[in-house]
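Asks: starting from these lines, generate the structure:
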Amino acid sequence: MDSKRPSKLEFAVQMTSESCADAVRAALEGKSGVTSVTVDVRREEVLVESALTIAEVQALIESTGRRAVLKGMGGSEPANLGAAVAMLSGAGSIQGVVRFLQLSEKHCLIDGTIDGLEPGCHGLHVHTLGDLTQDCKSCGEHYNPFGKQHGGPGDSERHVGDLGNIVAGPDGRASFRLEDDQLKVWDVIGRSLVVDGGEDDLGRGTHPLSKQTGNSGERLAFGIIARSAGLFQNPKQICACDGVTLWEERDRPIAGKGRSKETPAANL
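Replies: Residues are numbered from 1 along each chain as shown. This is a model prediction of the structure:
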């Protein structure tokens with residue numbers, strides 16, 4: 001399910017001169033998976049059309065020594081069809097960000113990076129409820145509006161929320177870029193995204209839970225899927241929800257403890 005369809009990524013990048021812009025262009029142009037690059041020094045803005053993951057493009061930009069923050073994303077369609085994001089946290093040090101982009105009426109892009117996982121395969125699913133009052137226990141079952149059996153992403157018989165497996169490397173990081181033809185951004189906003197402890201058998205196993213959940217073990221990390229900015233829809237330099245500025249957030253956890261500017265004492 002790795003997608004080759006390019007998406008457009010809008011980054012804020014700390015730049016002060018044309019030499020900065022030249023360095024950013026040199027880091028991106030000609031790289032496999034990068035289609036086009038536009039740099040605006042005055043706006044401190046870099047627009048990249050690419051089939052790479054967000055993390056890969058960000059790493060290329062930051063290889064120049066300049067910080068980069070994703071501000072928005074879009075597809076090739078003239079209109080923004082919808083974008084969403086889930087900030088994940090959970091057991092131990094697990095944290096991550098997964099973004100959803102509706103590339104077309106039929107294709108949804110899922111791009112994410114999750115850290116702190118055990119190396120190996122982990123099931124990834126959209127769950128029906130965006131209720132985290134009991135952590136992932138209150139998220140409900142897999143999103144399954146058509147009452148089908150559990151399956152894999154490429155199967156016709158599957159839950160809409162069945163996104164298969166992501167793979168964490170030896171460092172505990174799973175970075176992925178998937179495309180799905182059943183998931184729609186407008187249907188999953190307000191629901192939750194959950195990462196499981198084990199591998200999803202995609203409904204092909206012999207365990208009684210195979211056709212229900214993929215027998216992928218306990219739920220490890222979770223987050224509510226919220227609407228996010230499309231291209232050129234995010235002019236803010238500070239996050240109103242936690243007071244973290246555009247550049248400060250690069251030094252803070254992407255989710256969970258330590259994200260807010262408030263001290264622990266102020267939260268009591």
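Asks: can you map out the strands along this protein?
Replies: Along the chain, counting by DSSP state E, strands occupy 7-13, 34-40, 45-50, 68-74, 83-90, 95-102, 108-115, 120-127, 133-136, 162-168, 174-180, 192-196, 219-227.
Asks: the fourth one pairs with which strands?
Replies: In other words, strand 68-74. Applying DSSP bridges, strand 68-74 is found paired with strand 7-13 (antiparallel).
Asks: then the longest one?
Replies: Using DSSP bridges, the strands paired with strand 219-227 in its sheet are strand 83-90 (antiparallel), strand 192-196 (antiparallel).
Asks: now the angle from the last one to strand 108-115?
Replies: Right, the one you point to is strand 192-196. Between strand 192-196 and strand 108-115, the angle comes out at 50 degrees (axes from the mean of the first three to the mean of the last three CA atoms, to 10 degrees).
Asks: which of the strands paired with strand 219-227 comes out lowest on mean pLDDT?
Replies: With a mean of 92, strand 83-90 has the lowest mean pLDDT of these.
Asks: just list whatever residues bridge to A86.
Replies: V98, I225.
Asks: hang on, it packs against I110?
Replies: No. Between A86 and I110 there is no contact under CB atoms under 8 Å: 9.7 Å. (Each C-beta comes from the backbone N, C-alpha and C, glycine too.)
Asks: any common contacting residues for the two?
Replies: V98, R99, F100 (CB atoms under 8 Å, 6 or more residues apart in numbering).
Asks: picking that back up, export the strands paired with strand 219-227 as JSON lines, with columns for distance to E18.
Replies: Output for these, formatted as JSON lines (distance: least, CB to CB, whole Å):
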{"stretch": "strand 83-90", "distance to E18": "31"}
{"stretch": "strand 192-196", "distance to E18": "41"}
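Asks: which one of those is the most hemmed in?
Replies: Burial of the strands paired with strand 219-227 is given as mean neighbour count (mean count of other CB atoms under 10 Å); strand 192-196 ranks first at a mean of 26.
Asks: so how far is that strand off the chain centroid?
Replies: Computed by CA atoms, centre = their mean, to the nearest Å, the chain-centroid distance of strand 192-196 equals 12 Å.
Asks: ok, residues contacting it?
Replies: 86, 88, 90, 94, 96, 98, 114, 117, 122-127, 129-132, 136, 139-140, 166, 214, 216-225.
Asks: OK, contacts around F176?
Replies: D2, T53, I110, D111, G112, T113, I166, V167.
Asks: which residues touch the most centrally placed residue in the chain?
Replies: When CA atoms, centre = their mean is applied to the chain, the residue found nearest the centroid is V98 (1.6 Å). V98 makes contact with V85, A86, L88, I110, D111, G112, I114, L193, G223, according to CB under 8 Å, 6+ apart.
Asks: repeat that with 10 Å
Replies: 84-88, 110-114, 124, 163, 166, 174, 176, 178, 193, 195, 221, 223, 225 (CB atoms under 10 Å, 6 or more residues apart in numbering).
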